[in-house]
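*Asks:* Build me a structure from this.
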Amino acid sequence: MLKAYIRNLSPLGEFCLVLLIFFGGPTVWAIEAVASNLMGVAPRQSELFSDAAVAWQVIVEIFCLVAAWWIGSVRGWSVANFGAQISWRLTRAGLAVFGAAVIGETVLSVLLNTLHPGGALASLRSNGLTIWYIAVVSIVNPLFEEFVEIGYIFYALRRCGVWTPLWLSALLTAFLHSYQGLNGVLNILLLRLIFGLAYLRWRQMWPLVVAHGLSDFLGLAWLAYATG
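*Replies:* Reported below is the predicted structural model:
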């Protein structure tokens with residue numbers, strides 16, 4: 001019965017269902033973070049970075065990926081539709097994307113911290129986060145986010161041109177990082193625009209997974225060292 005319901009969904013219904021599975025909870029947290037920032041209170045998500053919290057995040061993300069895989073098998077699409085090729089050439093492309101992202105975010109951070117002091121990660125803290133958990137989440141989280149925020153959104157909105165999925169992906173991801181404050185949201189927006197353009201260049205997710213994984217690992221390692 002559930003399979004028949006999924007199979008008979010309209011494209012819009014499928015799109016809303018997938019986004020609800022992936023972003024239902026994070027959207028609630030993002031709204032709470034926006035409200036907290038407006039009231040001058042540190043969002044609860046600023047306390048996310050512990051081994052237990054990261055382990056829970058990995059479990060939830062794996063569950064969502066499995067659910068999406070099942071929906072895709074019922075609906076007739078798969079990871080291959082999004083660009084699932086892995087190669088050394090695409091790995092090198094990922095390193096280039098990572099380099100472009102670091103340069104872009106560094107320049108933007110200098111500008112933002114001049115206009116709006118505080119920094120993108122000013123409210124973030126580590127609570128005993130260890131390197132093994134950092135390594136695991138730096139593998140699972142990029143696969144999770146790039147699968148839906150780039151791969152699925154670009155596939156589902158392929159009839160809407162390139163700019164609609166590009167901006168929707170970037171704005172949605174930036175909003176979901178509202179716990180990082182204004183500077184963090186703008187940095188994420190720039191990062192996701194760079195990732196979106198890279199996807200349009202290669203039409204493969206692997207360069208984005210590589211760049212995202214490096215960004216997560218180095219960022220969380222720095223956070224654990226600086227605030228743990």
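*Asks:* Give me the contacts around stretch 63-82.
*Replies:* 3, 6-7, 9, 14, 17-18, 21-22, 143-144, 147-148, 150-152, 154-155, 205 (C-beta atoms under 8 Å, 6 or more residues apart in numbering). Heads up, the C-betas are built off the backbone N, CA and C, glycines and all.
*Asks:* Weed out the non-buried ones from these.
*Replies:* Buried positions within the contacts of stretch 63-82, assessed by neighbour count (16 or more other C-beta atoms under 10 Å), are 6, 9, 14, 17-18, 21-22, 143-144, 147-148, 150-152, 154, 205.
*Asks:* Let's see which of those residues end up in helices.
*Replies:* The helices, defined by DSSP state H, take in I6, E14, L17, V18, I21, F22, L143, F144, F154 from the buried ones among the contacts of stretch 63-82.
*Asks:* need those in TSV with pLDDT and distance to L176, can you?
*Replies:* Formatted as TSV, these follow (pLDDT from 0 to 100; distance: C-beta to C-beta, whole Å):
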residue	pLDDT	distance to L176
I6	93	25
E14	95	20
L17	93	18
V18	93	15
I21	90	14
F22	90	10
L143	95	17
F144	94	12
F154	96	17
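*Asks:* Distance to Q85 for those - can I get that in TSV?
*Replies:* Formatted as TSV, these follow (distance: C-beta to C-beta, whole Å):
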residue	distance to Q85
I6	27
E14	24
L17	27
V18	22
I21	25
F22	23
L143	14
F144	19
F154	15
